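> sharing a model prediction with you, sequence too.
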Amino acid sequence: MKDKNIIILHGWGAVTYKLEPLKKELEKFGWTVILPKLAGFERPAPKEVWGIKEYSEYVIDEAKKIFGNNKYYIFGHSFGGGIVIKLASENPKNLSGVILCATRGISRGKSVKRLVFALLAKTGKIFLITPQIANGFRKLLYKAAREHDYEKTQGIMKEIFKKVISEDLKPLVSKIKLPVLVFWGSSDKVTPVADAYYIKSALKTSKLVTYKDQGHKLPYEKSRKLALEIEKWYLKL
């Protein structure tokens, strides 16, 4: 049997304690679970503008501190799932397998509204007469683009957020050569379930598990079920 080591990565704006229930459920099955605190969330923000690549390198360093050269699995929710795709497709050396949960950065990476969002976030005030009008218009655009996380972000993390969401991870999915387990809520309004079916079509040997009437909070609300599915998947590898 392979080492039962696993790293769990949270989404943008979340914190590690939200995934503590999943950690505890996995530990019941004998997993060694690490919930790394990410730069800009529960650790100081990077001094430079990071993208997914820098976050994946950060996670590799954190894993090495704990697991050394031992193999490990990695679970990523939302933004964390984007980090997992980057890591698994470009630097999979110590990975045994990956679990993607409601991952960002696939279908919405090239949408027109997100392009407009990125442009307006930088230049909107140039085109609008007053700061009040500019702020109001930006809020409407963020709402339309469903990018509420940006409004809550401060300092350099705003620039990091813009860089992160502009990255299109879709081309990287087919480059993953590891066992892949995919979790998704069928009613997810943040990351559409169509993205889950794309991953499944791009990675024929991957396993997809969807949950009816479940949204983007899937790993918080179904931690027991997810842990059980991870264990069953692991035992069949």
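Perfect, thanks for sending it.

> separation between Asn69 and Glu62?
For Asn69, the distance to Glu62 equals 14 Å [C-beta to C-beta, to the nearest Å]. Where C-beta positions appear, they are placed from N, C-alpha and C, glycine not excepted.

> ok, these two, which is more surrounded?
Glu62 (17 against 7; other C-beta atoms under 10 Å).

> tell me the domain ranges of this protein?
For the chain, the domain assignment from automatic domain parsing gives the residue ranges 5-106+169-236, 110-161.

> so of those domains, which one's packed in deepest?
domain 5-106+169-236 (a mean of 19; mean count of other C-beta atoms under 10 Å).

> least trustworthy helix or strand in the chain by mean pLDDT?
helix 112-127 (a mean of 51; mean pLDDT, DSSP states H and E).

> any idea which of the domains of the chain scores lowest on pLDDT?
Out of those, domain 110-161 stands lowest, with a mean of 60 (criterion: mean pLDDT).

> run the chain-centre distance for the helix or strand Ile230 falls within.
Using DSSP states H and E, Ile230 falls within helix 223-236. In terms of C-alpha atoms, centre = their mean, to the nearest Å, the centre of helix 223-236 is found 19 Å from the chain centre.

> could you do stretch 29-42 as well?
13 Å.

> and for it, what's in contact with it?
Residues from elsewhere that reach stretch 29-42 (C-beta atoms under 8 Å, 6 or more residues apart in numbering): 3-10, 13-16, 19-20, 23, 26-27, 43, 45-46, 50, 55, 58-59, 62-63, 66-67, 156-157, 160, 227, 230-231.

> so which of those residues are in helices?
Judged by DSSP state H, those include 20, 23, 26-27, 55, 58-59, 62-63, 66-67, 156-157, 160, 227, 230-231 as members of helices.

> who's in contact with the residue nearest to Lys212 when sequence neighbours are not counted?
In space, and not counting its chain neighbours, Lys212 is closest to Ser186: 5.2 Å by C-beta to C-beta, 6 or more residues apart in numbering. For Ser186, the contacting residues are Val193, Thr210, Tyr211, Lys212, Asp213, Gln214, by C-beta under 8 Å, 6+ apart.
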